[in-house]
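Chemist: Just a sequence and a predicted model for now, questions to come.
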Amino acid sequence: GAGVSQTPSNKVTEKGKYVELRCDPISGHTALYWYRQSLGQGPEFLIYFQGTGAADDSGLPNDRFFAVRPEGSVSTLKIQRTERGDSAVYLCASSWGGTGELFFGEGSRLTVL
Amino acid sequence: AQKITQTQPGMFVQEKEAVTLDCTYDTSDPSYGLFWYKQPSSGEMIFLIYQGSYDQQNATEGRYSLNFQKARKSANLVISASQLGDSAMYFCAMSFNNNDMRFGAGTRLTVKP
């Protein structure tokens, strides 16, 4: 499709498990962003890629969170030893890297039991 | 540090009237962009309007206009002739430092018939 694709759309896991969330941006978009959104809150910044490198990873809450974008397109957000507080919708967005708007995926809803 | 502040957790407006949603920001970057997004209950993020820090005129897009007051560091969204379909969460966002992007906490707008 032409939009930002995120998989899975829903993920239920148990506390302590490892989770991977995938984002496939719009073709040609060099900038890719990950945000976390809890119910009724604004998107909380996690990490921003420009090409293959993380231009800003200051939003990653701790070392259980890690993200990669090895070929400058698809990105994977990895969460180790999940905790109940990690439950949220994880939003991915991409842009062409200028001052253009972000295009968002539909999000991956993570529930940690 | 970059910061976006939306001080109105919730707003009500009568159908067909205008409403202003407040947004203030803080940045030391001379070049930045200001965005507004709408998030209906379906969860998708919809881009509404953009204002560049060097733009002389306030941005307008249909019923949306951005009241940009640079000296006061405010970028309020004005929605004219409110419609029931305007009921949603509204987020102000700022891009800075090579397209890094942060969001405010949001304002929930309810349009009353």
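Modeler: Structure received.

Chemist: what residues are up against residue 70?
Modeler: As the question left the chain open, I've gone with chain A. Neighbouring residues of residue A:70 by CB atoms under 8 Å, 6 or more residues apart in numbering or on different chains: residue A:52. From N, CA and C alone the C-beta is placed, and that goes for glycine too.

Chemist: my question was about chain B
Modeler: For residue B:70, the contacting residues are residue B:53, by CB under 8 Å, 6+ apart.

Chemist: Next one: it relative to residue B:58, how far apart?
Modeler: According to CB to CB, to the nearest Å, residue B:70 and residue B:58 sit 11 Å apart.

Chemist: likewise residue A:33?
Modeler: Relative to residue B:58, residue A:33 is positioned 26 Å away (CB to CB).

Chemist: out of those two, which sits in the busier spot?
Modeler: Remark: of residue A:33 and residue B:58, residue A:33 carries more neighbours, 27 against 15, as counted by other CB atoms under 10 Å in any protein chain shown.

Chemist: If you drop the residues flanking it in sequence, what lies closest to the more buried one?
Modeler: Leaving out its chain neighbours, the residue that sits closest to residue A:33 by CB to CB, 6 or more residues apart in numbering or on different chains is residue A:93, at 4.5 Å.

Chemist: got the contact list for the lowest-mean-pLDDT helix or strand in chain B?
Modeler: Using mean pLDDT, DSSP states H and E, the weakest-scoring helix or strand in chain B turns out to be strand B:100-103, at a mean of 90. Identification of contacts with strand B:100-103 by CB under 8 Å, 6+ apart yields A:33, A:35, A:42-45, A:48, A:55-56, A:93, A:102, B:2-4, B:35, B:37, B:91-96.

Chemist: Any regions of the chain where pLDDT drops low?
Modeler: All of this is about chain A. A:1, A:98-99 (pLDDT under 70).

Chemist: Specify the beta-bridge partners of the residue nearest in space to the middle of it.
Modeler: Residue closest to the mean C-alpha point of chain A, counted by CA atoms, centre = their mean, is residue A:34 at 3.5 Å. Applying DSSP bridges to residue A:34 gives these bridge partners: residue A:47, residue A:92.
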